[in-house]
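*Asks:* Next input, structure requested:
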Amino acid sequence: MPIVTIESWPLDKEKKPEIISGITDVFAGVGIPKDAVTVVIHENPLDNWGTAGQQHTVKYKDIGGLRKDLNKEQD
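*Replies:* Numbering: from 1, shown residues only. Purely as a prediction, here's the structure:
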């Protein structure tokens, strides 16, 4: 049955169950059994993401404490 893959910057551990549950609920809402839904989260360091020709560590360096918090999780 469905396998949902999420490519993301590092996420808070506390948010992952909420994300997995929410995605599972969407499929359950259209009649797919929850036991048949698999969610895989791939977290990538900001250095491995780029938009408009810039790494996200550069492009989003001024987003408050976000970069600091995300890079801390990568260590």
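
*Asks:* Contacts only, for residue 6.
*Replies:* Residue 6 sits next to 19, 23, 39, 40, 41, 42 when contact means CB atoms under 8 Å, 6 or more residues apart in numbering. All C-beta spots, glycine's among them, are computed from the backbone N, C-alpha and C.

*Asks:* Is it possible to get these out as a markdown table so that each row also shows pLDDT, distance to residue 10 and neighbour count?
*Replies:* Converted to a markdown table, these look like this (pLDDT from 0 to 100; distance: CB to CB, whole Å; neighbours: other CB atoms under 10 Å):
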| residue | pLDDT | distance to residue 10 | neighbour count |
| --- | --- | --- | --- |
| 19 | 97 | 13 | 16 |
| 23 | 98 | 18 | 17 |
| 39 | 98 | 17 | 17 |
| 40 | 98 | 15 | 10 |
| 41 | 97 | 10 | 16 |
| 42 | 96 | 11 | 8 |
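
*Asks:* which two from the residues you listed end up farthest apart in space?
*Replies:* 23 and 42 (14.0 Å; CB to CB).

*Asks:* Residue 56 touches residue 46, doesn't it?
*Replies:* Yes - counting by CB atoms under 8 Å, residue 56 touches residue 46, with 4.4 Å between them.

*Asks:* and for those two, which residues touch both?
*Replies:* residue 9.

*Asks:* Show me the strands in the protein, by range?
*Replies:* 3-8, 38-43, 50-51, 54-55 (DSSP state E).

*Asks:* Understood, closing this out.
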